[in-house]
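Q: Predicted structure and sequence below. I'll ask about it afterward.
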Amino acid sequence: MATVVTMMRIGQYVLTFYKIVDILAAGGQAVLAKAVDTRTRRLVVIKQLSATPRDKHYKEERERFIRAGRLRINHPTIVDPIDFGQEGKNWYTVFPFIEGVQLQVYLARNGGKLPVGERLRVIRHIAEGLAAMHKRHVVHRDVKPQNILVSADESVHIVDLGICRCMDEQTITSGDAFLCTILWASPEQLGAPHTVDHRTDLYSLGLVAYVILTGQSPVTGSTHEAIARSILVCPPPPLRQHDPSIPSHVDKAVMILLAKDRTQRFQSVEEFLDALNGTRLSATPSRFCSSCGTARGDNASFCSCCGAGLAVDAATATRCLACGSPVDGHSACPGCNRSFGTIRRRLVVFAGPMTGRTLLFPIGEYDVGRVVLEPRDVMISSRHFHVNCTDAAVLMRDLGSTNGTSVAGQLIDHEVRLQHGQEVAFALNRATYHSD
């Protein structure tokens with residue numbers, strides 16, 4: 001019979017030296033308590049793993065807890081553990097006690113009216129802490145206001161590395177388990193969590209920076225599904241629409257962080273910090289595979305990990321939307337023999353993993369999905385959208401895809417007629433519809 005974990009209680013001594021004086025919180029997979037180090041009389045916070053051996057994913061939770069307890073970043077913004085250990089079946093991590101409040105409380109106390117310079121100071125400190133983590137090949141994966149503390153002297157601290165990922169270690173998570181809080185998740189955390197790398201922290205940093213600067217969340221929706229669609233498909237309005245006092249270069253820098261396609265974001269925290277200082281105008285070309293996130297070789301054409309193409313081949317940049325065959329000036333598709341009709345109808349992809357590709361609409365009705373569009377892009381569903389193309393019009397409807405299809409910024413749950421110049425988005429790709 002499995003042993004039941006005993007929760008901490010006031011007056012209890014933990015790891016010999018720490019006396020519990022208050023229980024702060026209990027939830028998820030951990031309990032937090034305030035304690036006194038009897039050797040120094042200093043306050044500490046003790047985090048106890050509350051998962052039990054009877055829980056389905058206990059082994060994973062325990063291994064993740066152990067890894068985080070041993071982690072040391074050694075940066076003033078990161079709250080590192082100061083002690084760690086096991087007593088019986090109980091696992092504990094000890095942290096210094098930070099006399100402060102969560103970021104959202106700090107912002108509320110100031111009425112959301114902090115001077116722009118003060119808002120940027122907080123953002124820079126958060127970014128610098130993440131940069132230190134990334135240099136140690138650690139991805140936080142849960143950057144959100146609740147995990148950022150502002151102390152009495154207004155210094156900034158990043159806490160809770162409980163679901164962090166060490167990029168040079170084997171992942172602990174089994175399968176494609178979703179980890180993090182959905183409101184602060186990146187598109188890849190929702191669609192392909194096994195590919196997550198340091199750029200997911202950059203996206204979440206953009207979400208936090210947006211809230212700090214505007215007081216508004218860039219993510220909308222009241223249900224899990226609506227929030228997910230907002231993250232995956234809907235671009236937020238520029239920050240200056242909320243507050244014109246925000247410098248334009250700051251607006252642009254945060255919006256680059258919020259690119260749905262991680263290859264279009266800044267590729268490091270340092271690039272973002274340069275942009276905040278006005279010394280960088282755009283993100284550098286991605287050095288990572290858009291399909292799996294593996295670092296690419298300088299002259300590589302294909303990813304060494306998953307085999308995905310790293311650049312669009314000009315000879316195959318134009319393809320049939322019905323079957324995926326390359327098209328080179330043909331009046332009918334050489335692969336499926338469908339006619340392209342008298343009007344050249346096409347999608348020109350300008351953002352996302354398929355950037356640079358042109359997709360021609362042949363006449364007929366057909367379902368379009370991952371195999372046709374990009375076999376290695378797991379963000380695209382196997383049956384993503386349906387097309388009904390005639391010489392008169394193109395009608396499109398979503399097929400219940402995981403990441404949605406939108407036309408002119410609106411998710412489509414019914415058949416719509418495409419108009420020349422409209423934007424069509426599917427998964428992380430954005431395209432313009434042309435009809436001429």
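A: Thanks, I have it.

Q: Run through the bridge partners of residue 423.
A: Beta bridges link residue 423 to residue 432, judged by DSSP bridges.

Q: burial of it, as a residue count?
A: Using other Cβ atoms under 10 Å, the number of residues around residue 423 comes to 16. The way it works is simple: take the backbone N, C-alpha and C, and place the C-beta from them, glycine included.

Q: residues of stretch 366-375 that come out buried?
A: With burial defined by 16 or more other Cβ atoms under 10 Å, the residues of stretch 366-375 counted as buried are 366, 368, 369, 370, 372, 373, 374.

Q: my bad, stretch 42-55
A: Residues of stretch 42-55 classed as buried: 44, 45, 46, 47, 48, 49, 50, 51 (neighbour count, 16+ other Cβ under 10 Å).

Q: Pop the domain breakdown of this protein in here.
A: 13-96, 100-276, 314-435 (automatic domain parsing).

Q: picking up where we left off before, if you look at the buried residues of stretch 366-375, which of them are in helices?
A: Within the buried residues of stretch 366-375, residues falling in helices by DSSP state H are 370, 372, 373.

Q: rewinding a little: which of the buried residues of stretch 366-375 sits closest to residue 88?
A: Comparing the buried residues of stretch 366-375 against residue 88 with Cβ to Cβ places residue 370 closest, at 48.9 Å.

Q: Tell me which two of the buried residues of stretch 42-55 sit farthest apart.
A: Among these, 44 and 51 lie farthest apart (Cβ to Cβ), at 21.9 Å.

Q: helix/strand/coil for the residue lying farthest from the centre of the chain?
A: Most distant residue from the mean C-alpha position of the chain: residue 342, 42.5 Å away (Cα atoms, centre = their mean). When classified by DSSP: H, G, I helix; E, B strand; the rest coil, residue 342 comes out as coil.

Q: can you check residue 353 too?
A: Per three-state DSSP, the local secondary structure of residue 353 is coil.

Q: Count the neighbours of it for me.
A: Residue 353 has 26 neighbouring residues, counting by other Cβ under 10 Å.

Q: Can you give the distance of stretch 184-204 from its chain's centre?
A: Relative to its chain's centre, stretch 184-204 lies at 3 Å (Cα atoms, centre = their mean, to the nearest Å).

Q: Using CSV, write down the CA coordinates of that stretch.
A: Only the C-alpha atoms of stretch 184-204 are listed here, as CSV (Å, rounded to 0.1, in the frame of the first residue of the first chain):
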residue,chain,number,x,y,z
TRP,A,184,0.3,33.0,-20.3
ALA,A,185,1.1,30.2,-22.7
SER,A,186,2.8,30.4,-26.1
PRO,A,187,1.3,29.1,-29.3
GLU,A,188,3.8,26.2,-29.4
GLN,A,189,3.0,25.2,-25.8
LEU,A,190,-0.6,24.7,-26.9
GLY,A,191,0.0,23.1,-30.2
ALA,A,192,3.3,21.3,-30.0
PRO,A,193,4.6,21.3,-26.3
HIS,A,194,7.4,18.8,-27.1
THR,A,195,9.1,21.4,-29.3
VAL,A,196,9.2,24.2,-26.7
ASP,A,197,12.5,26.0,-26.4
HIS,A,198,13.7,29.3,-24.9
ARG,A,199,11.5,31.3,-27.4
THR,A,200,8.4,30.3,-25.5
ASP,A,201,9.7,32.4,-22.6
LEU,A,202,10.1,35.3,-25.0
TYR,A,203,6.4,35.1,-26.0
SER,A,204,5.3,35.0,-22.4
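
Q: Chain neighbours aside, what residue packs nearest to residue 38?
A: residue 17 (5.3 Å; Cβ to Cβ, 6 or more residues apart in numbering).

Q: wouldn't the one you found be in contact with residue 42 here?
A: No - Residue 17 is not in contact with residue 42 according to Cβ atoms under 8 Å; the separation is 10.8 Å.

Q: Identify the bridge partners of residue 151.
A: On the basis of DSSP bridges, residue 151 is bridged to residue 100.

Q: Any idea how many residues pack against it?
A: With other Cβ under 10 Å as criterion, residue 151 counts 13.

Q: next one: residue 103
A: By other Cβ under 10 Å, the residues close to residue 103 number 23.

Q: re earlier: any idea which of the domains of the chain gets closest to residue 6?
A: With Cβ to Cβ as the yardstick, what comes closest out of the domains of the chain is domain 13-96 (6.4 Å).

Q: Can you measure across that closest one, start residue to end residue?
A: Terminal residues of domain 13-96 lie 17 Å apart, using Cα to Cα, to the nearest Å.

Q: Report the mean confidence score over it.
A: Averaged over domain 13-96, pLDDT sits at 89.

Q: ok, now stretch 107-119?
A: Average pLDDT, stretch 107-119: 88.

Q: Any buried residues in it, and which?
A: For stretch 107-119, burial by neighbour count (16+ other Cβ under 10 Å) applies to 107, 114, 119.

Q: Please export the C-alpha coordinates of it as CSV.
A: Taking Å, rounded to 0.1, in the frame of the first residue of the first chain, the C-alpha atoms of stretch 107-119 are listed here in CSV:
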residue,chain,number,x,y,z
LEU,A,107,0.6,47.4,-10.6
ALA,A,108,-2.8,47.7,-9.0
ARG,A,109,-1.4,49.5,-6.0
ASN,A,110,-0.1,52.1,-8.4
GLY,A,111,-3.4,52.4,-10.2
GLY,A,112,-1.8,51.2,-13.4
LYS,A,113,-0.3,54.7,-13.8
LEU,A,114,3.4,54.0,-13.4
PRO,A,115,5.6,56.3,-15.5
VAL,A,116,6.7,54.6,-18.7
GLY,A,117,10.3,54.6,-17.5
GLU,A,118,9.3,52.7,-14.4
ARG,A,119,7.3,50.2,-16.4
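
Q: Residues in contact with it: which ones?
A: Outside stretch 107-119, the residues within contact range by Cβ atoms under 8 Å, 6 or more residues apart in numbering are 101, 145, 211, 212, 213, 215, 245, 246, 247, 250.

Q: Need the buried ones from those selected in ChimeraX.
A: To isolate the buried members of the contacts of stretch 107-119 in ChimeraX, using 16+ other Cβ under 10 Å:
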select :101,145,211,212,213,215,246,250
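
Q: That's all I had, so thanks and see you.
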